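J.: one predicted model, sequence on top.
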Amino acid sequence: MAYDNDNIFAKILRGDAPAHTVYEDDHTLAFLDVMPQADGHTLVLPKTPAANIFDIDPGALGPLMCTVQTVARGVREAFPADGIRISQLNGPAAGQTVFHLHVHIIPCLEGRPRTPHATNMADPSVLAEHAEQLRAALDRLSGA
């Protein structure tokens, strides 16, 4: 599959589309999913164009996973949960809907079902509030 430079995540990376960004470094960007499966559902993606795990340079995976770990700690802090689901989907049959490699971080509560993947748009004001909570948690964890 050829990489599409006009996918929504490429647009977010270029600043051509908005996102509720919670973390950014030279290699990665993390922001809230606009169709969350739970409060605090966050996406982490590499800045390197890659449609899926098979297309990315292996050297870019280390920084991606370091950011996943950092942001997952923040999600756990900001949205106390019984567990954290970390998933990465490859191809339409696996449920991938945006063809830029990304990792989902989803807080999970015992006995509370998650909303199905890519079904309901969240209220932007709620996302803004959740993004602030997560940024504050990340700041506390980094000692900032």
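T.: Ah, there it is. Residues are numbered from 1 along each chain as shown.
J.: the strands in the protein, which residues?
T.: Using DSSP state E, the strands of the chain run over 21-24, 28-32, 42-46, 83-87, 103-108.
J.: got a markdown table for those strands, with mean pLDDT and distance to residue 64 too?
T.: Bear in mind the C-beta positions are built from the backbone N, C-alpha and C, glycine included. Below are these laid out as a markdown table (pLDDT from 0 to 100; distance: least, CB to CB, whole Å):
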| stretch | mean pLDDT | distance to residue 64 |
| --- | --- | --- |
| strand 21-24 | 98 | 12 |
| strand 28-32 | 98 | 6 |
| strand 42-46 | 98 | 5 |
| strand 83-87 | 97 | 12 |
| strand 103-108 | 97 | 7 |
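J.: what's the closest of those to residue 132?
T.: For residue 132, the closest of the strands of the chain is strand 21-24, at 9.0 Å, according to CB to CB.
J.: roughly how far apart are the most centrally placed residue in the chain and residue 12?
T.: Nearest to the geometric centre of the chain sits residue 43, at 0.5 Å (CA atoms, centre = their mean). Distance of residue 43 to residue 12, given as CB to CB, to the nearest Å: 9 Å.
J.: mind listing the shared neighbours of these two?
T.: Common contacts of residue 43 and residue 12, defined by CB atoms under 8 Å, 6 or more residues apart in numbering, comprise residue 31.
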